[in-house]
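Novice: Sequence plus the predicted model coming up.
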Amino acid sequence: MAVDSRYGRAWTTAVRVTAAGWAGVAALQSPRLPLALLVLSLGAVGGLLLGTGPWAAGSPTRRYAAGALRAAACVLVVVGIGHHLEAGVATVTLLAATSPVVLGRITRLLHG
């Protein structure tokens, strides 16, 4: 299955909604100041690391901001999953198992 298929778009939407839910859990169940410091500091470093690469386009400021936002979102999701580890691992496993890329590889393996 191609990632640009209807299933791929639905799966991407499900991943984004799930990530927003885990970020919400992090925001609601974590002390505000330590969470803010963690998100801001790792987001700043993430802007340097994730704002470069072949996918990065635009001005350096836009690339940095996009990288910082990606890193901050990842930090929030990981902290949210950390509050409810069993549910988080089950969610990540379910999403990984239904990924269009994973399903495409399994299909290619089965059909030679």
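Specialist: Yep, that arrived.
Novice: From Gly24, how far out is Gly8?
Specialist: 25 Å (C-beta to C-beta, to the nearest Å). For glycine as for every other residue, the C-beta is placed from the backbone atoms N, C-alpha and C.
Novice: Mind checking which of the two has more residues around it?
Specialist: Taking other C-beta atoms under 10 Å, Gly8 and Gly24 do not tie; Gly8 has more neighbours (17 against 12).
Novice: Leaving out sequence neighbours, find the closest residue to the most centrally placed residue in the chain.
Specialist: In the chain, the centroid-proximal residue (C-alpha atoms, centre = their mean) is Cys74; its distance is 5.3 Å. Nearest residue to Cys74 in three dimensions, chain neighbours excluded: Gly46, at 7.4 Å (C-beta to C-beta, 6 or more residues apart in numbering).
Novice: What ranges does the chain have for its helices?
Specialist: 6-29, 32-50, 60-83, 85-97, 100-110 (DSSP state H).
Novice: I'd like those helices as CSV, with mean pLDDT appended.
Specialist: What follows is those, written out as CSV (pLDDT from 0 to 100):
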stretch, mean pLDDT
helix 6-29, 96
helix 32-50, 93
helix 60-83, 93
helix 85-97, 96
helix 100-110, 90
